[in-house]
Structure formats: structure tokens, C-alpha cells
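In: Fold the following, please.
(2 chains)
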Number of protein chains: 2
Amino acid sequence: MKLYVSERAPNPRRVQMFIAEKGMTGIEEVLVDINAHEHKSHPALSRSPVARIPVLELDDGRVLSESRAICAYLEGLQPEPNLMGRDAEERAFIEMADRHVEWYVTLPLAQAIRHQHPGLAVLEQPQFPEFGASQQAKAMETLRWLDGLLQGQPWVAGQRFTIADITAFCTIEFARLLKFKPGEQGLAALAAWRDRVAAR
Amino acid sequence: MKLYVSERAPNPRRVQMFIAEKGMTGIEEVLVDINAHEHKSHPALSRSPVARIPVLELDDGRVLSESRAICAYLEGLQPEPNLMGRDAEERAFIEMADRHVEWYVTLPLAQAIRHQHPGLAVLEQPQFPEFGASQQAKAMETLRWLDGLLQGQPWVAGQRFTIADITAFCTIEFARLLKFKPGEQGLAALAAWRDRVAAR
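Out: Predicted coordinates for the structure are as follows:
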């Protein structure tokens, strides 16, 4: 299997952290320069116009994109340590937590960065800086929600480390592009959780 | 179990179609007026500030939000007819297809509607009409991709009807708010697929 990744983007990092938590070996990493639009000319990557980095190319040539779908596939190959739920009920509650992070924290933060950061102008055309600023304000609200959640439980989905922690961690690290650091925003529970994840 | 839904929104409809395809009975539906912000004062709905309609309240009082997580839970209760994959590999490929629709068709179309339609001003403040127009253009590109995909296979995830068809169908019906009809845009395969889904 080959995993196509790019530098500094949050989604490839999600899959890389997932693989590290699983302790999986034998997946070859291929670095792609998305700023140079390298993925648009690559044979494995250009097959589907909606396939974005990361992409997992299976040994039979099939191509799987979308971080969370790649993680679901890898979880099937190696179920333990379990990160996405052992049965349908647990899978549903972990998916809910993961989606809360993705849609209400990752998405507005990514839009804030894509529409405001000069370095992202090559990927997001046209940029709408005022829209980006409004999304940053929304993300700050949901980050306060996340901080509140983590005051009552050790991990994003509850009592154990799951994929939702990986999604949230990659999002918050990506938010450094907005000079965001949870400790400096008075989000103490979020900052402590961030340090627990970083220590793994 | 109680399913909290609202009228005319695409996400509650996804879960309602999922339940109908399963032929599940015994789930009570509760209609919520989101325009009047009824969900913000309702005891079951206000417990989580990020829980948006639809929400499934379980008999033990736990609350599950996020359409796709609700569907994953229901699939566990009643696995057949299968709509999300019978094993981890199939689940991963169906999740990929579902996410391609969600992130590259549903999201830009929803943003186009929320930032341009006067009727949505109560939910999206402030609206950025130029951003909405740019998202509409992106959605039209991915709708052409979807039309091309459906020229080569009968259903969005391949050879059988899955949750990805439900997501795509609800998105396209919601796009009527932009006066979008696939047949009028020269997207013949998409229009024929839409009619196949509507006939179910």
C-alpha cells in the first residue's frame, strides 16, 4: 500500500497519526507537492477529480481517498488498538464526536485560514477575507465548547482516546497558522488535552 | 426512540429516507421549528450546543446527533437492507463516496444557498453573497463530476444503492432553492439517476 501525503496539511497528518497509534508498518509514504498541483498530473491521484490528498493506493490498484474512509479501512485491517468503535453503537457515538470536530471546528478554522492567509491564496481562489474572519469567530465559539467538553471528560469522544482526538489535534495544530494557541486564549482544559495528545 | 426533524432541511431528510429504505417502524418523529430557534430551548436538544437537527433521542435518554452517525447507529440495529457496508472494507469505500458528495457537492451548495437565499438570512448571519456565488460555481463543477460518474455506474458508490445515494438525492432536492434541476443543466445521467431514486 502507498499513502500519498503532503506537508503541513491537516488531513494527511490525521491518517499518519492514526497509523502511528495503530503501530502499523509497511505502508509506503509518497510526498506530493500540492502547491505545485503535482496531484493533478499523478496517475494514481488524477484518476478521480475529487480525490484529494491523502490518498491510499491499495496493492490491487484501487484508490481510497478521504482521511476518515482511509482510517476506517485501516481499522478493518488492524482492529486494535481500537480508535473508531468496536460495534455499531460505539462507532456511531465516536463518528458523532469526530463530525462535531470536523464540521464545527475544523471546517470554520480551515475556511478562516484558506480565505485569510496569504500562503493559501494558491489553493483558494478567490479568497474572501471577511468571510474568513466570520468563520474564525465561529471557530472560536466552538473551541470554547470543546474546552468545556474537555473539562468534564479526558478525551473528545469520552473516556478513551479515539479518532476524534486525532481530528481535533490536527485541527488545533493547523490553527497555528492563525497564531492560535489554546493556553493563550484561556482554554486551559483544551491546552492540557493538547499536551496529553502531543505526549503520546 | 425519538427523531427530532425540521421541515425542508436536507439533513433530517437523509435520516428519514434511510429509515424508509430500511422499512424501520416505531421511531417517533418530533417536528422542530428551527427558524423560530425552538431547538435552542428544547431540553433534549439544548443539552449539546453543537447538536443540530436531526437528533435521535434513545430510550435510555442518550442523544445522538449528526445524520451519518444516526444512520450508523440505525444500521447496527437493523443491518439489512444494508446501506453503509457489510464489512470494514465496504464501509470504507461507501464512506468515501458519501464524503465526496457531502464535502464537494452538499457543502458548496449549502453555502451557496445559505449565503445567497433571502429565506436563509435568519440562520446565516452575516451572509456573504459573493462567497455564495463562488461556492455555487464550485458545486456546478462537482455536479458535472457526479454526472460523469453516473454515466459509468448505476449508483453513487457503485453497483448498489447506498447511503451515498441518499445524501446526493437530498442535496439535489435542496438545490431546488437555487432553481437547480439536473435535466435543465444538460446533466442527463444525473437526472435519470435522480428519477430512479425518486421512484423508490
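In: C-alpha from now on. contacts and neighbour counts both.
Out: Noted.
In: Tell me the residues of chain A that contact chain B?
Out: Contact residues (CA under 8 Å from any CA of the partner chain) of chain A with chain B: A:49-50, A:64-66, A:68-73, A:75-76, A:87-89, A:91-93, A:95-96, A:99-100, A:104, A:126, A:128, A:131, A:134, A:142, A:145.
In: what's the domain layout of chain A?
Out: A:2-77, A:88-198 (automatic domain parsing).
In: Would you mind giving those domains as a markdown table with mean pLDDT added?
Out: Formatted as a markdown table, the domains of chain A follow (pLDDT from 0 to 100):
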| stretch | mean pLDDT |
| --- | --- |
| domain A:2-77 | 89 |
| domain A:88-198 | 93 |
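In: Including mean neighbour count, could those domains go into a markdown table?
Out: A markdown table is the format used below for these (neighbours: other CA atoms under 10 Å in any protein chain shown):
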| stretch | mean neighbour count |
| --- | --- |
| domain A:2-77 | 17 |
| domain A:88-198 | 19 |
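In: got those domains as a markdown table, with distance to B:Asp60 columns?
Out: Shown next, in a markdown table, are the domains of chain A (distance: least, CA to CA, whole Å):
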| stretch | distance to B:Asp60 |
| --- | --- |
| domain A:2-77 | 28 |
| domain A:88-198 | 13 |
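In: And the strands in chain A, which stretches?
Out: Using DSSP state E, the strands of chain A run over A:2-5, A:28-31, A:55-57, A:63-65.
In: how far away is A:Gly61 from A:Met1?
Out: 9 Å (CA to CA, to the nearest Å).
In: I misspoke; the intended subject was A:Arg176.
Out: 31 Å.
In: do A:Gln111 as well
Out: 31 Å.
In: Likewise for A:Ala92?
Out: A:Ala92 is 28 Å from A:Met1, by CA to CA.
In: Quick one: residues in contact with the longest helix that chain A contains.
Out: When chain A is parsed with DSSP state H, its longest helix is helix A:129-152. The contact list for helix A:129-152 (CA atoms under 8 Å, 6 or more residues apart in numbering or on different chains) reads A:104-106, A:108-109, A:111-116, A:156, A:187-190, A:193, B:49-50, B:126, B:128, B:131.
In: Try it again at 7 Å.
Out: A:104-105, A:108-109, A:111-113, A:115-116, A:156, A:187, A:189-190, B:128 (CA atoms under 7 Å, 6 or more residues apart in numbering or on different chains).
In: Can you redo the strands of chain A as a markdown table, where the extra columns are distance to B:His42?
Out: Shown next, in a markdown table, are the strands of chain A (distance: least, CA to CA, whole Å):
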| stretch | distance to B:His42 |
| --- | --- |
| strand A:2-5 | 44 |
| strand A:28-31 | 48 |
| strand A:55-57 | 42 |
| strand A:63-65 | 38 |
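In: out of the ones you listed, nearest to A:Val197?
Out: Evaluated with CA to CA, those place strand A:2-5 nearest to A:Val197, the distance being 21.4 Å.
In: Note down every partner strand of the closest one and its orientation.
Out: strand A:28-31 (parallel), strand A:55-57 (antiparallel) (DSSP bridges).
In: could I get it in PDB with only the CA atoms?
Out: Extracted C-alpha coordinates of strand A:2-5, given in PDB (Å, rounded to 0.1, in the frame of the first residue of the first chain):
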ATOM      1  CA  LYS A   2       1.100   3.600  -0.700                       C
ATOM      2  CA  LEU A   3      -0.100   6.600   1.200                       C
ATOM      3  CA  TYR A   4       0.100   9.900  -0.700                       C
ATOM      4  CA  VAL A   5       0.600  12.800   1.700                       C
END
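In: The closest residue to A:Lys22 other than its chain neighbours: neighbouring residues, count only.
Out: Nearest non-adjacent residue to A:Lys22, counting by CA to CA, 6 or more residues apart in numbering or on different chains: A:Pro81, 5.9 Å away. Using other CA atoms under 10 Å in any protein chain shown, A:Pro81 has 12 other residues around it.
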